[in-house]
Structure formats: structure tokens, C-alpha cells
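J.: pasting the sequence and the predicted model now:
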Amino acid sequence: MKHIAKILAILVAITALWIGALHTSIVSKSQTWLLPVYMIISLGCYGLLMVGVGLMQFPTCPQEAVLLQQDVAEAKDFLRHNGIDAGSD
């Protein structure tokens, strides 16, 4: 829930800045109307960056891999016992 509140606060702040930029003549109107497009593109780039960083730092869990292999072997034995072909080992 904390992340949602943080994202909403940032969104409200950006919207307030955008509306403020629309009402003042600091930035030309043609550039001001493109700010939401720039924000969406920036958000997409940020998302891709976070996915890339997450993939680069993907943790390996050897203990969990062993447990998963045991579960798969157990499931294959159960299926084989019930007469279902579960593939070759």
C-alpha cells in the first residue's frame, strides 16, 4: 500500500506542475501539451530499466531448485502410479 501512496503522490505533483505550466507562459503551449507524452515515455523507459536490472540481479536459489526437482519427481511418480504417462526421465 505504501508504493501506491507514493506513486499517487508523485502523480498528483506532476499533474499540478503540468497544470501550472499550462497556466503560466514559462513554457510554450505546444511544448506543454507534450509533457504527458514525455512522462509516459519516461515511465516506460524506467520500467524497462527496472526489469533489466532485476534480470541482471536475478538470485539463484540452489536449495529451492533441489526442492523443486524433488516435487517434480514426486509428481511424476504419482502420475505414473495412476497410469498416466508423465514423460521420460
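T.: Happy to help now that I have it.
J.: tell me the secondary structure at Ser25.
T.: The three-state assignment at Ser25 reads coil, by DSSP: H, G, I helix; E, B strand; the rest coil.
J.: quick check: the gap between Leu55 and Lys76.
T.: In this view, Leu55 and Lys76 are 30 Å apart by Cβ to Cβ, to the nearest Å. Quick note: C-beta positions are derived from backbone N, CA and C, even for glycine.
J.: when these two are compared, which one has more neighbours?
T.: Taking Leu55 and Lys76 together and counting by other Cβ atoms under 10 Å, Lys76 has the greater number of neighbours (16 against 8).
J.: excluding chain neighbours, what is closest to that one?
T.: Residue nearest to Lys76 in three dimensions, not counting chain neighbours: Ala86, with 4.3 Å by Cβ to Cβ, 6 or more residues apart in numbering.
J.: what is the burial count for that neighbour?
T.: Burial of Ala86 is recorded as 14 neighbouring residues (other Cβ under 10 Å).
J.: ditto for Asp85
T.: 8.
J.: now the residue nearest to it when sequence neighbours are not counted: how far from Asp71?
T.: With Cβ to Cβ, 6+ apart as the criterion, Asp85 has its nearest non-adjacent residue at 7.8 Å, and that residue is Leu79. Using Cβ to Cβ, Leu79 is found at 13 Å from Asp71.
J.: before we move on, what about Tyr46?
T.: Counting by Cβ to Cβ, the gap from Tyr46 to Asp71 is 36 Å.
J.: for Ile84, give me phi and psi.
T.: Main-chain dihedrals, Ile84, degrees, to the nearest 10: phi -110, psi 130.
J.: check contacts around it.
T.: If a contact means Cβ atoms under 8 Å, 6 or more residues apart in numbering, then Ile84 has no contacts.
J.: look at Leu79 and Asp71 and report which has more neighbours.
T.: The residue with more neighbours, out of Leu79 and Asp71, is Leu79; 13 against 10, by other Cβ under 10 Å.
J.: where does that one sit: helix, strand or coil?
T.: Secondary structure, three-state DSSP: Leu79 is helix.
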